[in-house]
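Peer 1: sequence first, predicted model second:
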Amino acid sequence: KNDKEVVMAAVKQYGRALEWVSDELRNDEQVVMTAVKNDPASFVWASDSLRTNSDFILKCIQAVGAELLEVEWDEESAVPLKWRDDFDFMVRAVKLDLDCFQYASDLLKSVPEFNKIVSRFARRNDDEQRQQQPYEPLPDRMILRIQPHEQTNQIFTRFSTKNPAASPDKPPCSSKEIGQ
């Protein structure tokens, strides 16, 4: 209960083990972060000082995403609702994970400046994803052609291939085989 090494091993395997940890270790950022990474719902057993610490909450969001803001216990949010109204906090949260936007309060969502900032993050995120996954044309053997069969006029698919053994006269599958 109070042996950090044992507790770290326990929360690494089962984050909700944080429930049975000493108050001292529930206030330890490393222990709580390990538990949250295993199971974001374990955040409800973090000490009050960590659960109300905006910087620590943001570190947790960075580790597990917006899922942290979903966590509820006894119909109450594990992350204090006051943060959902806080402009600076929510901007930082949305910057870490765009899905955090859905947890912003309606009041904050009605602030045009907040929405402009979120839109910029969304565009930047889209640009980054495009850069990480550049368009690559399919290899020749993967190109799908749909055309009518010359003799039966049924539609079939033909995959282009560089394989000389493939017969150009015989379609690789008939319309029956593709469910038409």
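Peer 2: Okay, I see it.

Peer 1: just give the nearest non-adjacent residue to Thr89, would you?
Peer 2: Careful, residue 89 is Phe; it's not Thr. The shortest distance from Phe89 to any non-neighbouring residue, by C-beta to C-beta, 6 or more residues apart in numbering, is to Trp83 (4.8 Å). C-beta coordinates here come from the backbone N, C-alpha and C atoms, glycine included.

Peer 1: my guess is Leu96 contacts Gln62. True?
Peer 2: Yes - applying C-beta atoms under 8 Å, one finds Leu96 in contact with Gln62, separated by 5.0 Å.

Peer 1: compare these two and say which is more crowded by neighbours.
Peer 2: Leu96 (18 against 15; other C-beta atoms under 10 Å).

Peer 1: confidence score at that one?
Peer 2: Note on Leu96: pLDDT of 92.

Peer 1: quick one, what contacts it?
Peer 2: For Leu96, the contact set (C-beta atoms under 8 Å, 6 or more residues apart in numbering) comprises 58, 61-62, 65.

Peer 1: mind redoing it with 6 Å?
Peer 2: 61-62 (C-beta atoms under 6 Å, 6 or more residues apart in numbering).

Peer 1: and Gln30, how many neighbours?
Peer 2: 12.

Peer 1: now do the phi/psi pair for it.
Peer 2: Dihedral angles of Gln30 (phi, psi; degrees, to the nearest 10) stand at phi -60, psi -40.

Peer 1: same check on Ser77?
Peer 2: Dihedral angles for Ser77 - degrees, to the nearest 10 - are phi -70, psi 140.

Peer 1: likewise the one 4 residues further on?
Peer 2: The main-chain torsion angles of Leu81 are listed as degrees, to the nearest 10 and equal phi -60, psi -20.

Peer 1: appreciated, that's everything.
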